[in-house]
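Novice: this one's sequence-less:
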């Protein structure tokens, strides 16, 4: 608390904490999780059953914010690396270490459990066969790790060309969209997926270096309006799905493979963050507001990795009590949302108490090696 430097943008930390909370609570409370005829667990969302529910996804599809915050934080770390004249490899290794160690612990626990279960009598089905949802965290960590590797190059491009780099990426995303959605080239859609997340990460660089939250209101409104206008054009005129998450009945999803609509969403959400920055920054100076943000950021990767495990444990207990998972978002389903908030949360608190130490350990800065004469 008292060690927080005055120059720190607390809104960035709050955005990361909010992203973790939204993803976690979305999976727990806004998934119509149920068994199929084969006994598999599936997790459709109820957006299609809520009139106008797609509009909420323009705010609650929070994955672009993860990459915006990641870009901001990685650029800050890269600038410190340059100031200290440390090698680029050390920066990349330290950043990857923060992700890989907690992830390795998570994967090791799961793999050990699966191997033990496989040795027991009876037919064994691997977890990814009947509940692939528990692998949800891995796609983000994989993509984000690749972006960390590119930081020495992308940060240099940003320093030299700034808006030009963003414009070039936007142009490539547009070209990929034409080739993928227009011409039907499947490979172009997957190239566009990578370009979109790179664009979001690069926007995080702009957030930091251009100090968007401190810009005049007109400029912040312009960023928000540009993102919103592009979203409207893409969803109304270009035929992109209105929902920013995959929904039941939609033949296409904006998020997988990730397309130009998510890039526009990132610009819109960055504008919203810039708009609220002055008010949010004042609010975050209050200890009772700032302390939870600091606490959640300290264990953010642990929460992200283990929240689906907590959910699965809660599901297991629910079914052991003889209860049946509902297959439709009925009034009864909505009335149960309190349970699916509290039950996994209790389990997650236990898991965080056990496993957060690994994340906290790797976040501590390593001592620099000394040489003769230093």
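Specialist: Ah, there it is. Just so you know, these numbers come straight off a predicted model, no measurement behind them.
Novice: Every contact and neighbour count from this point should use C-alpha atoms.
Specialist: Noted.
Novice: which residues are in contact with the worst-scoring helix or strand of the chain on mean pLDDT?
Specialist: Least confident helix or strand, the chain: helix 127-130 with a mean of 81, by mean pLDDT, DSSP states H and E. Helix 127-130 has contacts (C-alpha atoms under 8 Å, 6 or more residues apart in numbering) with 39-41, 114, 134-135.
Novice: any idea which helix or strand carries the nearest residue to residue 77 once chain neighbours are set aside?
Specialist: Leaving out its chain neighbours, the residue that sits closest to residue 77 by C-alpha to C-alpha, 6 or more residues apart in numbering is residue 91, at 7.6 Å. Under the criterion of DSSP states H and E, residue 91 resides in helix 88-119.
Novice: Then residue 249?
Specialist: Assigned by DSSP H and E, residue 249 falls within no helix or strand.
Novice: so what's the backbone phi/psi at it?
Specialist: Main-chain torsions, residue 249, degrees, to the nearest 10: phi 100, psi -20.
Novice: likewise residue 258?
Specialist: Per-residue torsions, residue 258: phi -60, psi 140 (degrees, to the nearest 10).
Novice: Quick check, pLDDT for residue 182.
Specialist: Turning to residue 182, the model gives it a pLDDT of 83.
Novice: again, but for residue 367
Specialist: We have a pLDDT of 51 for residue 367.
Novice: swap in residue 1?
Specialist: pLDDT at residue 1 comes out at 48.
Novice: Also the one 4 residues further on?
Specialist: For residue 5, the pLDDT comes out at 63.
Novice: quick revisit: can you flag the buried ones in the contacts of helix 127-130?
Specialist: 41, 134 (16 or more other C-alpha atoms under 10 Å).
Novice: Now, the contacts of helix 127-130 that are in helices?
Specialist: Of the contacts of helix 127-130, the ones assigned to helices by DSSP state H are residue 114.
Novice: Serialize the contacts of helix 127-130 to a markdown table and add fields for distance to residue 72.
Specialist: Listed next are these as a markdown table, based on distance: C-alpha to C-alpha, whole Å:
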| residue | distance to residue 72 |
| --- | --- |
| 39 | 43 |
| 40 | 39 |
| 41 | 36 |
| 114 | 38 |
| 134 | 28 |
| 135 | 26 |
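Novice: Go through the contacts of helix 127-130 and say which is closest to residue 240.
Specialist: The closest of the contacts of helix 127-130 to residue 240 turns out to be residue 135 (C-alpha to C-alpha; 26.7 Å).
Novice: quick one, what contacts the closest one?
Specialist: Contact analysis of residue 135 by C-alpha under 8 Å, 6+ apart lists residue 128.
Novice: helices or strands up against whichever strand or helix holds residue 152?
Specialist: Secondary structure assignment for residue 152, by DSSP H and E: helix 136-161. Where contact means 3 or more C-alpha pairs under 8 Å, 6 or more residues apart in numbering; DSSP states H and E, helix 136-161 is packed against helix 63-83, helix 88-119, helix 186-209, helix 300-320.
Novice: Now do the phi/psi pair for residue 60.
Specialist: phi -80, psi -10.
Novice: tally of neighbours for it?
Specialist: A count of nearby residues for residue 60, using other C-alpha atoms under 10 Å, gives 16.
Novice: quick one: it from residue 296, how far?
Specialist: Distance from residue 60 to residue 296, counting by C-alpha to C-alpha, to the nearest Å: 19 Å.
Novice: still on that earlier bit, work out the gap between the least confident helix or strand of the chain and the centre of the chain.
Specialist: Relative to its parent chain, helix 127-130 has a centroid offset of 23 Å by C-alpha atoms, centre = their mean, to the nearest Å.
Novice: mind listing what's buried in it?
Specialist: Going by neighbour count (16+ other C-alpha under 10 Å), the buried part of helix 127-130 is residue 130.
Novice: before we move on, what about stretch 319-334?
Specialist: Of the residues in stretch 319-334, those buried (16+ other C-alpha under 10 Å) are 328-329.
Novice: and the end-to-end length of that stretch?
Specialist: Taking C-alpha to C-alpha, the first and last residues of stretch 319-334 lie 18 Å apart.
Novice: Please apply the same query to stretch 178-190.
Specialist: Using C-alpha to C-alpha, first and last residues of stretch 178-190 are 13 Å apart.
Novice: Show me where the protein dips below the pLDDT cut-off.
Specialist: 1-7, 365-374 (pLDDT under 70).
Novice: Against which helices or strands is the helix holding residue 91 packed?
Specialist: Counting contacts by 3+ C-alpha pairs under 8 Å, 6+ apart, helix 88-119 packs against helix 63-83, helix 136-161, helix 300-320, helix 337-363.
Novice: now with 6 Å?
Specialist: Counting by 3 or more C-alpha pairs under 6 Å, 6 or more residues apart in numbering; DSSP states H and E, the packing neighbours recorded for helix 88-119 are helix 337-363.
Novice: helices or strands up against the helix it packs on?
Specialist: helix 10-29, helix 88-119, helix 300-320.
Novice: Can you give the distance of the first one from its chain's centre?
Specialist: The chain centroid and the centroid of helix 10-29 are separated by 8 Å, computed with C-alpha atoms, centre = their mean.
Novice: ok now the helix holding residue 152, how far from the chain's centre?
Specialist: 14 Å.
Novice: That'll do, ta.
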